[in-house]
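**Student:** fold the following.
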Amino acid sequence: MMKNPMRFLAFAAAAALLSACAGAGASRKSGLTGGAKTPSSSAAEAAPAAPPAEVTEASLRTGPFSAREDLKTVHFPYDSATLAPEALSVLKANAEVLKADASIDVEVTGNCDERGTVAYNLALGQKRAKEVRDYYILLGVDGGRIATISYGKEKPLCTESTEACWARNRRAEFKVER
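**Tutor:** The predicted structure follows:
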């Protein structure tokens, strides 16, 4: 008879623990968190307000995307999706182009250097593309016009195994669709 109450208590404790864990993770749906430091949260710059809700991405299936010379590429440090100050400046200029022409959608591609596994680089490339997308949204570009995709290390600009070459490949590029 003593086993049944103990089993019930153990089951109840496990259920309570699982419920608490599930509740804690549910609030992490968006990459934009109130307490987290964003790329634009330096003391020198005032950060725009975060969007009130998660915004659906533009579709990559709607048609071909093509390069546009007034949208400049940004580069990333090794093993990072952090936007450096010079990347923030480039993205601000790009955002002005996008806001001036509401008829275009933009594809943000995340790219990596050759180091690391295919899976790791695909994930890092997606983080880079999402970081750029989130920053565009903070700058006032409609997130419904921005699609992201990661190519990982599959589309290098340079194939030499040197730091200078690797630095060129760690990038986010932009194509548009009308």
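**Student:** can we go C-alpha only for contacts and neighbour counts from here?
**Tutor:** OK.
**Student:** could you measure from residue 85 over to residue 76?
**Tutor:** According to Cα to Cα, to the nearest Å, residue 85 and residue 76 sit 11 Å apart.
**Student:** would you check that residue 90 makes contact with residue 74?
**Tutor:** Yes. Counting by Cα atoms under 8 Å, residue 74 is a contact partner of residue 90 at 6.9 Å.
**Student:** find the residues that touch each one of these two.
**Tutor:** Overlap between the contact sets of residue 90 and residue 74, as judged by Cα atoms under 8 Å, 6 or more residues apart in numbering, is nil.
**Student:** who's more crowded, those two?
**Tutor:** Between residue 90 and residue 74, residue 74 has the larger neighbour count (other Cα atoms under 10 Å), namely 22 against 15.
**Student:** what are the bridge partners for the more buried one, then?
**Tutor:** When assigned by DSSP bridges, residue 74 has beta-bridge partners residue 172.
**Student:** does it really touch residue 171, like I thought?
**Tutor:** Yes. Using Cα under 8 Å, residue 74 is in contact with residue 171, at 5.5 Å.
**Student:** low-confidence ranges in the chain?
**Tutor:** Residue ranges of the chain with pLDDT under 70: 1-55, 57-63.
**Student:** which stretches of this protein form strands?
**Tutor:** 66-67, 74-75, 105-111, 146-152, 171-177 (DSSP state E).
**Student:** among the ones you listed, which comes closest to residue 56?
**Tutor:** Of all the strands of the chain, it is strand 146-152 that lies closest to residue 56, at 8.7 Å by Cα to Cα.
**Student:** so which elements touch the closest one?
**Tutor:** strand 105-111, helix 118-138 (3 or more Cα pairs under 8 Å, 6 or more residues apart in numbering; DSSP states H and E).
**Student:** one step back: tell me which of the strands of the chain sits most buried.
**Tutor:** Ranked by mean neighbour count, the strands of the chain are led by strand 105-111 with a mean of 27 (mean count of other Cα atoms under 10 Å).
**Student:** render the CA-only coordinates of that one in PDB, please.
**Tutor:** What follows is strand 105-111, C-alpha atoms only, in PDB (Å, rounded to 0.1, in the frame of the first residue of the first chain):
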ATOM      1  CA  ASP A 105      11.100  42.300 -51.500                       C
ATOM      2  CA  VAL A 106      14.700  41.400 -50.300                       C
ATOM      3  CA  GLU A 107      16.400  38.100 -49.900                       C
ATOM      4  CA  VAL A 108      19.100  38.100 -47.200                       C
ATOM      5  CA  THR A 109      21.600  35.200 -47.700                       C
ATOM      6  CA  GLY A 110      23.900  34.100 -44.800                       C
ATOM      7  CA  ASN A 111      27.300  32.800 -45.800                       C
END
